[in-house]
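[1] Generate a structure from the sequence data that follows.
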Amino acid sequence: MSKSKTVIENGLVIDGNGGEPQKDAVVVVEDNQITYVGPKAQYQATGDEQVIDAKGGTVLPGFIDSHVHMMMEYSSVEQRLATPFSFMYYKAQQYLKTTLNAGVTSVRDALGTDLGVKKAVEEGLIPGPRMQLSINALTITGGHGDGYTVSGNTIDLQPSDYPGMPNGKCDGVEEVRKKVREMLRAGAEVIKVHATGGVLSATDHPEFTQFSPEELRVIVEEARFRKNIKVMAHAQGAEGIKNAVRAGIHSIEHGIFLDDEAIELMLERGTFLVPTLLAPVAVLETAHEVGMPETAVQKSKEVIEAHKASFTKAYKAGVKIAMGTDAGVMKHGTNLRELVLMTEGGMSPMEAIVATTKTAAECLGWQDRLGTIEQGKLADIVITKGNPLEDINLLTEHDNIQLVMKDGKVEKNIIQAEKALV
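    From the prediction side, this is the model:
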């Protein structure tokens, strides 16, 4: 059976490695794999290729968001109480499609999405990015992720304790060990732990430390020994960040109050930072519309400048930074606004693009098959209008995302394909 072949031409190729963009280059895809990237003059056409004309736009690797929540968008307590359980799956179908249309072809889900949703995408029932699942996050009693309210009622942001979604609360070494095993049994491909408090939790603060160093070490060891799986840590306060890094945690999510010692530890251990700069910004922007609690608004105001400063300090020090947004706290499909915030924090547009392609793929452990436009990699490719190196804001507008290809399949196309190589 002959392979289908597609040639992408007439675009500036940014391959995700951070080098000079390639002009007068073509990208050749056979089935779901990239087979050639280079000068058009050196490609021998057979005449049976489908050709996609990038029309002077930019050809990039599919973008990767290292921190999302695909099963939710923040809503008020009243709305959550009035929403039937199964409705969240139909809403998630919309979120997944919107994310893909934004050019995000892969995500790491930081809690709330179960194995059935991933299976539905993989089997083609619904369109969406490829996913790496954490299932649910581990949290202490009374910590970030515990929906207990001062009324005595528990109102979680995201439903849990249903088939395929274990509850994440655990305390003490043996409980956290068992909880890691439950998440792995449910299909977790990365373990998520809340190592500090957070902006959205009602009964704690971002600087509060959660889980002891011993508990964190057991989480890391259990994940590694059982399935060689990494651990990602929601960690905002400096002490909790340092506990997580010392325990061997793979990536720090948010990292709002990084100090010099934390940064040195991250450099020493090779720990990734997934900054999610967009999260507190979005809380302030959407608080009235979605019914954010006043506590979350006040904490966002408190942390936003420290968050920016920590990002800049980590970037200048050389910490590995992978793009992540916390999408679900804000609307899905707005993911690439994070790149604008990263450039405002000191990155060049090219460095921000590398953070959401090559480095993000490395953070997810998928660097052997994703993150760059190279021969042998899977064909996750985005074509945009204009040149994002000249204006990174271009990427935030869905109409500028002209074509999205995931695994060799065109998922979005608002440019016309031609029949033969010109």
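
[2] Not counting sequence-adjacent ones, nearest residue to Glu189?
    Leaving aside its sequence neighbours, Glu189 sits nearest to Gln132 (CB to CB, 6 or more residues apart in numbering; 4.8 Å). The way it works is simple: take the backbone N, C-alpha and C, and place the C-beta from them, glycine included.

[3] The one you found and Lys55: what is the separation?
    33 Å (CB to CB, to the nearest Å).

[4] more crowded one of these two?
    Gln132 (23 against 13; other CB atoms under 10 Å).

[5] Unless I misread the structure, the more buried one falls within a helix.
    No - membership of Gln132 in a helix is not supported by DSSP: H, G, I helix; E, B strand; the rest coil, which gives strand.

[6] from what I can see it touches Ala360, true?
    No - counting by CB atoms under 8 Å, Gln132 stays clear of Ala360, with 10.7 Å between them.

[7] Longest helix of the protein, counting residues only.
    Counting by DSSP state H, the longest helix found in the chain is helix 294-317.

[8] list the buried ones in that helix?
    296-297, 299-300, 302-304, 306-308, 310-315 (16 or more other CB atoms under 10 Å).

[9] same thing with stretch 71-85?
    Buried, per 16+ other CB under 10 Å, within stretch 71-85: Met71, Met72, Glu73, Tyr74, Ser75, Arg80.

[10] give the contact list for the nearest residue to the fourth one once chain neighbours are set aside.
    Spelled out, that is Tyr74. Leaving aside its sequence neighbours, Tyr74 sits nearest to Val290 (CB to CB, 6+ apart; 5.0 Å). Residues near Val290 by CB atoms under 8 Å, 6 or more residues apart in numbering: Glu73, Tyr74, Ser75, Ser76.

[11] Now do the SS call for the first one.
    Read that as Glu73. Classified using three-state DSSP, Glu73 is coil.

[12] how far away is it from Pro388?
    26 Å.

[13] What of the second one?
    According to CB to CB, Tyr74 stands 28 Å off from Pro388.

[14] just to revisit the earlier point, tell me the residues that contact both of Gln132 and Ala360, please.
    Ser106.

[15] Looking at the residue nearest to Glu189 now. What's its pLDDT?
    pLDDT for Gln132: 98.

[16] same thing with Leu81?
    85.

[17] Just confirm Glu49 contacts Ile8, I think it does.
    No - using CB under 8 Å, Glu49 makes no contact with Ile8, being 10.1 Å away.

[18] More neighbours: those two, which one.
    Ranked by neighbour count (other CB under 10 Å), Glu49 and Ile8 place Ile8 first, with 26 against 21.

[19] State the helix or strand in which the more buried one lies.
    strand 5-13 (DSSP states H and E).

[20] hang on, the earlier thing: how close does the residue nearest to Tyr74 sit to Thr334?
    13 Å.

[21] Val180 now?
    Taking CB to CB, one finds Val180 at 32 Å from Thr334.

[22] returning to that earlier point: for the buried residues of helix 294-317, which one is nearest Val59?
    Looking at these and their distance to Val59, the nearest is Tyr315, at 26.3 Å (CB to CB).

[23] thought that closest one was touching Glu344?
    No - applying CB under 8 Å as the test, Tyr315 and Glu344 come out as separate, 11.4 Å apart.

[24] Ignoring the adjacent residues along the chain, who's closest to Ile401?
    Distances taken as CB to CB, 6+ apart place Gly103 nearest to Ile401, at 4.4 Å, with adjacent residues excluded.

[25] what residues are shared contacts of Glu49 and Ile8?
    Shared contacts of Glu49 and Ile8, counting by CB under 8 Å, 6+ apart, come down to Val28.

[26] buried stuff in the host helix or strand of Val37?
    Val37 is part of strand 33-39 when elements are defined by DSSP H and E. Judged by neighbour count using 16+ other CB under 10 Å, the buried positions of strand 33-39 are Gln33, Ile34, Tyr36, Val37.

[27] now the helices: where do they sit in the stretch 151-300 of the chain?
    Per DSSP state H, counting those that start in this stretch, the stretch 151-300 of the chain carries helices over the ranges 173-185, 213-227, 238-246, 260-269, 278-290, 294-317.

[28] Single out the most deeply packed of those.
    helix 238-246 (a mean of 24; mean count of other CB atoms under 10 Å).

[29] What spatial separation is found between the closest residue to Thr372 other than its chain neighbours and Thr384?
    Nearest residue to Thr372, sequence neighbours excluded (CB to CB, 6+ apart): Gly16, at 3.8 Å. Distance of Gly16 to Thr384, computed by CB to CB: 14 Å.

[30] Name the residues contacting each of those two.
    Shared contacts of Gly16 and Thr384 (CB under 8 Å, 6+ apart): Leu60.

[31] For Leu395, which of the helices of the stretch 151-300 of the chain is the nearest?
    Proximity to Leu395 (CB to CB) singles out helix 278-290 among these, at 13.2 Å.

[32] Quick check: mean pLDDT of the closest one?
    Helix 278-290 shows a mean pLDDT of 83.

[33] Stretch 321-341 now?
    The model assigns stretch 321-341 a mean pLDDT of 97.

[34] One more: stretch 301-308?
    Stretch 301-308 comes out at a mean pLDDT of 89.

[35] Equivalent analysis for stretch 61-78, please.
    Rounded mean pLDDT across stretch 61-78 is 92.

[36] Got the domain ranges for this structure?
    With automatic domain parsing as the criterion, the domains of the chain are listed as 5-61+372-418, 63-364.

[37] and these, which is most packed in?
    domain 63-364 (a mean of 21).

[38] Quick one: end-to-end distance for that domain.
    13 Å (CA to CA, to the nearest Å).

[39] got it, and stretch 167-175?
    12 Å.

[40] cool, and stretch 64-78?
    So stretch 64-78: terminal residues 33 Å apart, CA to CA.

[41] measure the residue nearest to Ile401 to Glu20 for me?
    Counting by CB to CB, the gap from Gly103 to Glu20 is 22 Å.
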